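>>> A structural model of the following input is requested.
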Amino acid sequence: MGEQDKDMTSALVAFCLNEEEALRVILPRIKKEWVDELIVLDGHSSDGTAEYCKEHGYRLCLQERLGMDSVLAEAVDFTTSDVIVMFTPDGNSIPEKIPEIIDKMREGYDLVIASRYLPPASSEDDDPVTAFGNWMFTKIINFLFRGKVTDSLVGYFALRRELFEELKIGDTDSWGPRLLMRCMKKKKRIGEISADEPKRIGGERKMNPLRNGWWVLRTIIHEFIIGNRY
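Numbers count the residues shown, from 1 in each chain. Have a look, this model is predicted:
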């Protein structure tokens, strides 16, 4: 481990839309000493999310460009730390895994995934369609880009700040898969930790299997065709 990794700063970005019920359960479990920055990146919720964050002293940042496309880009804009941990505060992501994912980054990785399918982890939120979709897309991505990951569609991961600009991720509806594939193409160090996925807490599931599956497939085709030309 180099000196740079020992002194590495970290930011946790809890991105959400109308997840007040889950925030009340999840955010208090996040200890301040785990990260240097903690922000709630809100897609202009209408359920009291903003009021809860302000009342309890959480740093609330409203998305400037609505929708999932800009979430990663705005996470980079709103933070200054060396490493950014993307986190879904809807109950699906276990906050107690935050120190582990950051420790893994300190080993010199560029991207670390909190995998739901790396043993002994399991998902309580999967249904047959989403489980098959993740398995299929992970197999395709690993085959086309010579990767070895077990979870290609997870929203809980950590990345080095400089990757966003270096890999020209930009705004996209599939920023997670795009980031992963471009890391594979550039031979970046990708690590995984095993992390269960509990059921979500309240709120409404934002992911539509058919719509999101089409987005991912379109991104895979695009990344395969353009190669390293971006």
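>>> Walking through this protein, point out its helices one by one.
In the chain, the helices defined using DSSP state H lie at 3-6, 20-26, 49-55, 71-78, 98-105, 128-145, 161-166, 175-185, 209-226.
>>> in the third one, what's buried?
The one in question is helix 49-55. The neighbour-count criterion (16 or more other Cβ atoms under 10 Å) identifies T49, A50, Y52, C53 as the buried residues of helix 49-55. (Glycine included, C-beta is placed from N, CA and C.)
>>> can you redo the residues you listed as JSON lines with pLDDT and distance to F87?
Compiled in JSON lines, the buried residues of helix 49-55 are given as follows (pLDDT from 0 to 100; distance: Cβ to Cβ, whole Å):
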{"residue": "T49", "pLDDT": "94", "distance to F87": "15"}
{"residue": "A50", "pLDDT": "92", "distance to F87": "18"}
{"residue": "Y52", "pLDDT": "95", "distance to F87": "17"}
{"residue": "C53", "pLDDT": "95", "distance to F87": "14"}
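>>> where in the chain is pLDDT low?
When residues are selected by pLDDT under 70, those of the chain lie in 1-4.
>>> Now with 90, please.
1-7, 66-68, 126, 173, 202-213, 227-230 (pLDDT under 90).
>>> now, of the helices of the chain, which is deepest in the fold?
Highest mean neighbour count among the helices of the chain (mean count of other Cβ atoms under 10 Å): helix 175-185, with a mean of 22.
>>> From the chain's centroid, how far away is that one?
Centroid separation between helix 175-185 and its chain, computed with Cα atoms, centre = their mean, to the nearest Å, is 12 Å.
>>> Show me what that helix is packed up against.
Contacting helix 175-185 under the criterion 3 or more Cβ pairs under 8 Å, 6 or more residues apart in numbering; DSSP states H and E are the following elements: helix 71-78, strand 111-115, helix 128-145, helix 161-166, strand 190-194, helix 209-226.
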